[in-house]
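A.B. asks: Task: produce atomic coordinates for the following.
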Amino acid sequence: ANKGHADSQCALGECFDSGKGMPVNHDEAARLFRHAAEQGNPVGQFALGNCLTRGTGVRQVDREAARFYGLAAEQGDAQALFSL
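C.D. replies: Numbers count the residues shown, from 1 in each chain. Below you'll find the predicted structure:
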């Protein structure tokens with residue numbers, strides 16, 4: 001994840017978001033999801049959209065959440081399409 005691997009960033013972000021194997025840290029989860037999302041990873045885009053919708057780890061910004069859901073949906077993410 002530290003070397004910029006988007007799938008690893010998503011996996012580690014999920015661990016921080018859920019507290020699986022480590023203490024919950026929504027700020028770190030959102031940071032990792034954003035890095036993955038900015039690399040075009042649809043899982044990261046969807047996860048960041050969720051953070052932005054809920055306001056976990058980041059300020060709640062529905063317009064930005066919709067943008068990331070849209071990017072993930074364009075890549076075939078059905079959950080993201082449903083979240084629009």
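A.B. asks: where do the helices sit along this protein?
C.D. replies: Along the chain, counting by DSSP state H, helices occupy 6-18, 26-38, 42-54, 62-74, 78-83.
A.B. asks: Next one: residue 19 from residue 26, what distance?
C.D. replies: Going from residue 19 to residue 26 by C-beta to C-beta, to the nearest Å gives 10 Å. From N, CA and C alone the C-beta is placed, and that goes for glycine too.
A.B. asks: and those two? which has more neighbours close in?
C.D. replies: Here residue 19 and residue 26 are set side by side on neighbour count (other C-beta atoms under 10 Å), and the busier one is residue 26, at 17 against 12.
A.B. asks: Setting the sequence-adjacent residues aside, check what's closest to that one.
C.D. replies: residue 57 (3.6 Å; C-beta to C-beta, 6 or more residues apart in numbering).
A.B. asks: Next: residue 79.
C.D. replies: residue 46 (5.9 Å).
A.B. asks: Also residue 32?
C.D. replies: Going by C-beta to C-beta, 6+ apart, residue 32 has residue 13 as its nearest residue, at 3.6 Å.
A.B. asks: Quick check: the one you found vs residue 62, distance?
C.D. replies: Taking C-beta to C-beta, one finds residue 13 at 21 Å from residue 62.
A.B. asks: more crowded one of the two?
C.D. replies: More crowded of residue 13 and residue 62, by other C-beta under 10 Å: residue 13, with 29 against 11.
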